[in-house]
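[1] Got a sequence here, can you build the structure:
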Amino acid sequence: MCLGFWVGIFLWFVRHQTELFTFDDSLVTGLLLGFAASAAAYVGSMVFGDEGLKVEKLVHVKRRRK
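    Residues are numbered from 1 along each chain as shown. Below you'll find the predicted structure:
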């Protein structure tokens, strides 16, 4: 998540060198972009793993009483 935050800040800093996206010069915009990139990195790490999509199967085991 920390790397995602810094990627968002980096994109805010290079906004004048590219025409792919436009952001204003406000510091609040830079922070919000960092937070959004961090959230996107978190969601991506929760959805995808080393073997592809993460699928967890919960198994409930019933025990017999003696």
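
[2] Tell me how many other residues crowd residue 31.
    By the criterion of other CB atoms under 10 Å, residue 31 has 14 neighbours. Placement of C-beta: from N, CA and C, glycine included.

[3] Which helix or strand contains it?
    Secondary structure assignment for residue 31, by DSSP states H and E: helix 27-47.

[4] Summarise which helices and strands that helix is packed against.
    Contacting helix 27-47 under the criterion 3 or more CB pairs under 8 Å, 6 or more residues apart in numbering; DSSP states H and E are the following elements: helix 2-13.

[5] and the helix it packs on, what's its mean pLDDT?
    Averaging pLDDT along helix 2-13 yields 91.

[6] What of stretch 49-57?
    83.

[7] if we can go back for a sec, quick check: buried residues in the helix holding residue 31?
    By 16 or more other CB atoms under 10 Å, the buried positions in helix 27-47 come out as 30, 33, 34, 37, 38, 41.

[8] Now do residue 60 against residue 50, distance only.
    Distance of residue 60 to residue 50, given as CB to CB, to the nearest Å: 27 Å.

[9] still on that earlier bit, and which of the buried residues of helix 27-47 is nearest residue 3?
    residue 41 (6.6 Å; CB to CB).

[10] For the closest one, give its distance to residue 8.
    9 Å.

[11] Could you find the closest non-adjacent residue to the most centrally placed residue in the chain?
    The chain has residue 41 as the residue nearest its centroid, 1.8 Å off, counting by CA atoms, centre = their mean. Nearest in space to residue 41, with sequence neighbours left out and distances taken as CB to CB, 6 or more residues apart in numbering, is residue 4 at 2.8 Å.

[12] need the contact list for the one you found.
    Neighbour list for residue 4: 37, 38, 39, 40, 41, 42 [criterion: CB atoms under 8 Å, 6 or more residues apart in numbering].

[13] Okay, the closest residue in space to residue 40 that isn't next to it in sequence and residue 33: tell me how far apart.
    Distances taken as CB to CB, 6+ apart place residue 4 nearest to residue 40, at 6.3 Å, with adjacent residues excluded. Distance of residue 4 to residue 33, given as CB to CB: 11 Å.

[14] same thing with residue 61?
    46 Å.
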